[in-house]
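**Q** Fold the following, please.
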Amino acid sequence: MSLATLDVPTNRLTTGAVPGGNPDSGPRLRAVPAGTEARGFVLYVGLGESKAEAAGTELGAVVEQLKRLVIDLAPEAETYAAVALAPRGAGGRDVDVVRLALQDPAALAKHRLAEEPSPKVRGGVIVDVSRKRLVLDGETIALTYKEFELLQYLVLREGRTIERAELISSLWADGEDDDIPNERTIDVHVRRLRSKLGAYEDIVRTVRGIGYRFDHHADVSIRQASTPSPDFF
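**A** Here you go, the predicted model:
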C-alpha cells in the first residue's frame, strides 16, 4: 500500500466558524482539547476508480469539486490532496485502505490488533493408550516406543509412586534392548520424555529418593481400550 499525490493547486485553510466571523465565537470542535487550536482537518474518502467511473466521474474530478467547495466556503483555505493506492484486487473497504495509507492512528491500531496472532489455547494432553499416541494441544508428538511405554506405565498407575527398579523390570524385562538402563540412567529416559511433554512436563513428578508418579491432572485425558489397568484389581 502506498500514496500518490494529485497534482492540483493548493489554497490556504484557516479556522473559524464562518468567513469574516470571530473564530472564538462559534462552538469548539469536540476533538479539540482546551489549550489547543484546530489548524485543519482530514476527510477520508473511500472511492475506488471503478466506483467513480460507474458514477460517471473520476477521482481527479471529485477532488477538484471538493477543493472548489472548500474555496467557496473559505477563500483563504489551503488544501492538499493525496490518493491511496493498493494492489489490484485487494479486499477491504476503500475508506479503510485510505485511512491505513494516511497513517490514521485509530486505523493503524485496529490493523495491528487484527494482525497479532491469537494466543495459543492449551488443549491439554491426550494419552491414547489404544493407539500408542501422545497428543499435546491438538498436535501429535513423536515418542519412541519405550518413551510411550514409560508414560503409559505411570499414567495407568495414577497416584502410586513407581520405583526406578520397578520401571526397569517391567519395561525392559524382555532383555531385547541393548541399552538396558540401571537405576541411575532411568532418569535420562524420564528427562527425554519430559522434554517432549514441553509445557506439560510436570505431569511426570519426581519423588525424591524413590522414583516417579503421575497424579490426577486436569489437563490430561486418557483414552484406552476396554481393559483397565491391572493395578485397579
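
**Q** Which helix or strand in the protein has the lowest average pLDDT?
**A** strand 2-5 (a mean of 44; mean pLDDT, DSSP states H and E).

**Q** in the helix or strand that it is followed by, what counts as buried?
**A** Per DSSP states H and E, the first helix or strand lying C-terminal to strand 2-5 is helix 49-54. Across helix 49-54, burial judged by 16 or more other CB atoms under 10 Å covers no residue at all. Glycine gets a C-beta too; all of them are placed from N, C-alpha and C.

**Q** after helix 49-54 comes which helix or strand?
**A** helix 59-73.

**Q** So which elements touch that following helix?
**A** helix 49-54 (3 or more CB pairs under 8 Å, 6 or more residues apart in numbering; DSSP states H and E).

**Q** and with 10 Å instead?
**A** helix 49-54, strand 82-85 (3 or more CB pairs under 10 Å, 6 or more residues apart in numbering; DSSP states H and E).

**Q** For that helix, the averaged confidence score.
**A** The pLDDT scores in helix 59-73 average 89.

**Q** One more: stretch 76-84?
**A** On average, stretch 76-84 scores 83.

**Q** buried stuff in that stretch?
**A** Result for stretch 76-84 [16+ other CB under 10 Å]: buried residues 77, 79, 81, 83, 84.

**Q** And for stretch 85-101?
**A** For stretch 85-101, by 16+ other CB under 10 Å, it's 86, 94, 96, 97, 98, 99, 100, 101.

**Q** Out of the buried residues of stretch 76-84, which is nearest to residue 181?
**A** residue 84 (66.3 Å; CB to CB).

**Q** Could you check how far the residue lying closest to that closest one once chain neighbours are set aside is from residue 95?
**A** Spatially, and ignoring its direct neighbours in sequence, residue 84 is nearest to residue 101 (3.6 Å; CB to CB, 6 or more residues apart in numbering). Residue 101 is 11 Å from residue 95, where distance means CB to CB, to the nearest Å.

**Q** where does the residue nearest to residue 84 fall, phi/psi-wise?
**A** phi -60, psi -30 (degrees, to the nearest 10).

**Q** Now for residue 101 and residue 95: what residues contact both?
**A** 44, 84, 107 (CB atoms under 10 Å, 6 or more residues apart in numbering).

**Q** Now flag whichever of those residues is closest to residue 222.
**A** residue 107 (49.0 Å).

**Q** Count the residues that sit near that closest one.
**A** Using other CB atoms under 10 Å, residue 107 has 18 other residues around it.

**Q** close enough to count as contact, it and residue 42?
**A** No: counting by CB atoms under 10 Å, residue 42 is not a contact partner of residue 107; they are 11.5 Å apart.
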